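Participant: Attaching a predicted model along with its sequence, questions to come.
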Amino acid sequence: MSALLQVRGLSKAYPGVVANKDVDLTVQQGEIHALLGENGAGKSTLVKAIYGLVKPDAGTMALLGKPYAPPEPRAARRAGVAMVFQHFSLFDALSVAENVGLGMETPPRLRVLAAEIAQVSRAYGLPLDPAARVGDLSAGARQRVEIVRCLLQEPKLLIMDEPTSVLTPQEVEILFATLQKLAREGTSILYISHKLEEIRALCRRATILRRGRVVGTCDPRSVSTAQLAELMVGTSLKRPDREGRNRGPVVLALKDLSVPAPGRFGTALSGIRLTVEGGEIVGIGGVAGNGQDELLAALSGELPVGPRMIELEGEEIGTLGPVARRRLGLLAAPEERLGHAAAPDMSLTENAALTGWMREPILRRGFLDWKAARSFAQKVIESFDVRTPGPGTAARALSGGNLQKFVIGREVLQRPRVLVVNQPTWGVDAAAAAAIRQALIDLARGGAGVVVITQDLDEILELADRFAALNAGRLTPPVPTEGLTMERIGLMLGGAHDMDVARPDEAHQIMESYDAPA
Amino acid sequence: MIALERRPAPSAVWRWATPPLAVLLTMVAGGAMFAALGQDPLVAIRTIFWDPLFAEQFASYARPQLLVKAGPLILIAIGLAMGFRAGVWNIGAEGQYIVGAICGAAAGLALYPADTRLILPLMALAGALGGWAWAMIPALLRTRFGTNEILVSLLLVYVAEQLVAAMALGPLRNPDGGGFPGSRNLARWDSSANPELIVGTGMHWGVVAAFIAVIAAHVMFTRHLAGFQIRLMGEAPRAARFGGVRAGRLVILCFGVSGALAGLAGLFEVTGPAGQLNIDFGAGYGFTAIIVAFLGRLHPIGILLAGLLMALTYIGGELAQLTLGLPAAAIQAFQGMLLFFLLGVDVFTNYRLRLGRRRIA
Amino acid sequence: MDLSSINSLLLLASLMVASTPILLAGLGELVVERAGVLNLGVEGMMITGAVCGFAIGFETGSALWGFAAAAAAGAVLSLVFGVLTQILMSNQVATGLALTLFGLGLSSLIGQGYVGERGVNVPDVPLGPLADLPVVGPILFRHDAVVYLSLFLCLAIWLFLYRSRAGLVLRSVGESAEAAHALGTKVVRIRLAAIAFGGACAGLGGAYLSLVRVPQWTDGMTSGAGWIALALVVFSSWRPWRLLLGAYLFGGLTVLQLNLQAAGVKLPVEYLSMAPYILTILVLVIISSGRGRAALGAPAALGRSFHAAA
């Protein structure tokens, strides 16, 4: 094998943040190379530089020994570099074929393109209907669109940015089979992830980033998961302490909760039944776009529901809005931090008042007491170790992890009877994630019911007492997490959705290695 | 290479530095425009911005005019700013201003020639209600049917302009007017007159209302929950809904208040400075108020200052028309330019300039 | 009132003339909005186009130069909006309004010397034997070149949007600027081009008013035509052929209203003059209340600013 891509001394700084510092990276031909690091370690910046989306401040790159400095993605694509994005670069209102065509340099006519898409998707086991509208597709299918778009250009290097976060375990195994087939055919793959098990199943070489620097290169199979994690995070993190909780009576009951789809590409909820006891954490898993946002909105009161569909401590609250529900003790923290859980340009004090006025002594006869709001914000900052100059700072100036701690802290400190959170640790660094998980457990320990909606299956196993899967707006009956396997979870999540026919032969074998204990 | 870089947080300095900078840039560009019209730019700028207040021969007339012109601008702009902050675009204040004047005048004229002090307050109420009702049309259409409020409120201006013409020629025409269009003179009928309260200041009830509106809006924005929710809805609509803000109610509230204030402004204009309702009653205050609202950074105190400045350009413009023969339209273009510059330099509130180094690839 | 004085043939023939200004402006704005930009300055660009077209036509004696100048003026003015919204990231609604206010002032400034003048003649171009057909001939085939141009433009924009790669790229920018940027599309450049095109179209539409429809220059002569064009774009669900339909429907009703005025309907003129605006509002309501159908066609990124961090 010879080197396909060599990166030497690459640096990139943003105001206040050094995203990459003297990064070296070598990807061999036909290898699946892992780029490992926790959230905020600089993985995305590095691959964006390779793909021509970000101009590095310093450093050199070489592709097949020749200097390589793509000024824009088009140049990168011409040089044979393709990328599948973490946040998809797809257009909802356009068809699959149009989306694929947009990502190509010299696409053929639409009809020819459709035939090529069909052909490639057959060859690699990635079923797709070229005429389908992308907005109507599942997350897994959307990712297939991106992959097919890349494959049609016969890339030398395929970059995949956290591709499995939107897939069920079964879909992951099929993806891995596809990637290995590609590697055997000579395509190099740069595979970005923070999931150690995945990397061990798929890659033979890994470059590990921490705070923008390379802290090691290794064969992930020869190193233990604990060692990898320590390299990645810098310290070893302890698992949250779940002991010492007592179950109380049912605090939240969903009775055939059904809501029509809000908006054009929303998901309808149908017949959701669930009870949550005091002191219990219920995990709701599911692949993105299966109704998570709608479920949170239906519970928080943002989405109107039928009068008898939700009971809080025996009281029917379906027709109540967010304010009344919060006053009764049903609190929520949505997935999107900036713009949904918090107003980006407003200060932390104002963001504390955003939901705090309903339960904290901040509102007096219609007037806001900003001093009280400020001290509430200060309390959240101190109790949850939010790193910020002070409560006057704008929310958007905080890092993802810090803002998430603030948002969760704001709700937890209002002493909810039931707290519903969606993706509480998405895009958050490991230390903050551990703190948030511990806070949720402590909240349950205090007798509150907690509902954690998440796409991170490890999080469910770490936190939840019971697990239910959300699939196309329906919820499976909950099962205890005790003794639950990944495969079982995967099947509950809907298995490989519409891909059963396309499963390649080697899939099973990979699944085994993926499931193998570390 | 010059690049814009997003600031981690909006700059407080730039937030307040942009309006004066925009005024300065407008003076430069406006000066160029005046030069192109064959004027000495310095003289023109001085005539517009300095002479109305400080040149002895004009000041006695022009100074009171400052409040007369600024009153309606401020009153309307305060209401508009409420909506603009919430992302509710009422750009039809001109129509609400006109309809407020029509309703107020009609209420008063219905009682003509009764002689009681209750008539002006009654007319004010009718004027506010008229403006409110006219504003409810786009508001309810938006909340009920999701109809674009920008287009509806604006199109209603043209309807209101036709309506006032119809009124001035029809039902409200002065029966003793010898067939000329226009209503009775309301400023000369004691019961309905909105007189200058302190001689030589230009202060009339509309100006008083404007000052009250400034204070009330300031308190609301800084202290009241409604003000907080309005800001939330404008800055982060999803977060607002999450925080229990009912968008529909705020739309109604913002349109209602701005419509009522515009209606009041119209009423005080028709009973005072204008004197009568005529076919050309709408003089563009409703549109200039949009500039005032933005120039004042949608902040009540800022609007107060911006309203005075805008009034100055009106008076200065008239003066320049008289003394220099500068066309009336020039001042309108000048005001539009001011809004352009303001929106342009506003970028520095959220972004900073970075002079990029040449990078080694 | 004498309804028989309304000649239905002439009415239909003048329908196309009455519709052309809003059709042109609407087509331009449709392209702009398809690129994800909401330019509320149509009225300002139209009236600037109207005065420039009239003035240059008057000075040169050539209608062609008049229309060319109008298109250029509209484009230049729209680029002010473009630079502000796309490069300096200003609010699109506010900037569009500023454009309208500025345009109204500027046009009246330029037009001072031309009030009451007679404009340059724009000749009709009868389309050969087609023009001699009974009934259809005078309605469809005896118009000036700009009417045909507007129809051609409708076809061209449809072909561009749905049959060309460039059109696909433009639509993708209107759907998601972020995604388009990630693919390496020059979002700002494309949007600026669309904005300039929209400005040129609005300028042409305005010039058609001052050179053909009225034909003379008066202050504020567009009297809301730009706003009606904006409403038409919503009516059309961002589709060129539906825009054509909407423009002609609207033009027809305007002509009818004018004919009723001429025929001496027993209703003050003012109430008849309100009709186009009220009608537009009604249409907007019907379109938007149709269970969110209007929203179906709206470009997803419409009105949102985009800043690429590099």
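Facilitator: Looks like it came in fine. Residues are numbered from 1 along each chain as shown, chains lettered A, B, ... in the order given.
Participant: OK, contacts around residue 84?
Facilitator: Picked chain A for this. Residue A:84 makes contacts with A:143, A:146, A:147, A:150, A:158, A:159, A:160, A:161, A:163, as judged by CB atoms under 8 Å, 6 or more residues apart in numbering or on different chains. Any C-beta I mention is one placed from the backbone N, CA and C, and that applies to glycine too.
Participant: could you do chain C instead?
Facilitator: So residue C:84 contacts B:340, B:343, B:344, C:90, C:95 (CB under 8 Å, 6+ apart).
Participant: Next to chain B in this structure, residues from the stretch 201-310 of chain C, please.
Facilitator: C:219, C:223-224, C:227-228, C:230-231, C:234, C:268, C:270-271, C:273-274, C:277-278, C:280-281, C:284-285, C:288-289, C:292, C:294-295, C:307, C:309-310 (CB under 8 Å from any CB of the partner chain).
Participant: The stretch 351-500 of chain A too?
Facilitator: Residues of the stretch 351-500 of chain A lying near chain B (CB under 8 Å from any CB): A:353-355, A:357-358, A:363, A:366-368, A:370, A:393-394, A:396-397.
Participant: Now that we have the residues of the stretch 201-310 of chain C next to chain B, which of them are buried?
Facilitator: For these, a neighbour count by 16 or more other CB atoms under 10 Å in any protein chain shown gives the buried set as C:223-224, C:227-228, C:230-231, C:234, C:268, C:270-271, C:273-274, C:277, C:280-281, C:284-285, C:288, C:294-295, C:307.
Participant: In helices, which of those appear?
Facilitator: C:227-228, C:230-231, C:234, C:270-271, C:273-274, C:277, C:280-281, C:284-285, C:288, C:294-295 (DSSP state H).
Participant: For the stretch 251-361 of chain B, give me the ranges with low pLDDT.
Facilitator: B:355-361 (pLDDT under 70).
Participant: those helices in it, which residues are they?
Facilitator: For the stretch 251-361 of chain B, the helices defined by DSSP state H, counting those that start in this stretch cover B:285-295, B:300-324, B:328-345, B:347-350.
Participant: Is chain C within reach of the host helix or strand of residue A:407?
Facilitator: Using DSSP states H and E, residue A:407 sits within helix A:400-412. No: Helix A:400-412 lies out of reach of chain C by CB under 8 Å from any CB, never closer than 15.5 Å.
Participant: got the CA coordinates for that helix in PDB?
Facilitator: The C-alpha coordinates for helix A:400-412 follow below in PDB (Å, rounded to 0.1, in the frame of the first residue of the first chain):
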ATOM      1  CA  GLY A 400     -22.300  23.200  22.800                       C
ATOM      2  CA  GLY A 401     -21.500  21.300  26.000                       C
ATOM      3  CA  ASN A 402     -21.700  24.400  28.200                       C
ATOM      4  CA  LEU A 403     -24.900  25.600  26.700                       C
ATOM      5  CA  GLN A 404     -26.400  22.100  27.000                       C
ATOM      6  CA  LYS A 405     -25.500  22.000  30.700                       C
ATOM      7  CA  PHE A 406     -27.100  25.400  31.100                       C
ATOM      8  CA  VAL A 407     -30.300  24.300  29.400                       C
ATOM      9  CA  ILE A 408     -30.600  21.000  31.300                       C
ATOM     10  CA  GLY A 409     -29.600  22.800  34.500                       C
ATOM     11  CA  ARG A 410     -32.300  25.400  34.000                       C
ATOM     12  CA  GLU A 411     -35.000  22.800  33.900                       C
ATOM     13  CA  VAL A 412     -33.600  20.500  36.600                       C
END
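Participant: So in that sheet, which strands flank the very next helix or strand once past that helix, and in what orientation?
Facilitator: Following helix A:400-412 in sequence order, the next helix or strand is strand A:418-422 (DSSP H and E). When pairing is defined by DSSP bridges, strand A:418-422 lines up against strand A:330-333 (parallel), strand A:449-453 (parallel).
Participant: what's the pLDDT at the residue of the stretch 251-400 of chain A found nearest chain C?
Facilitator: Nearest residue of the stretch 251-400 of chain A to chain C, counting by CB to the nearest CB: residue A:264, 6.9 Å away. The score at residue A:264 is 73. That number is its pLDDT.
Participant: For the stretch 201-310 of chain C, give me the ranges with low pLDDT.
Facilitator: Those would be C:290-296, C:309-310, if you go by pLDDT under 70 across the stretch 201-310 of chain C.
Participant: No further queries at this time; thank you.
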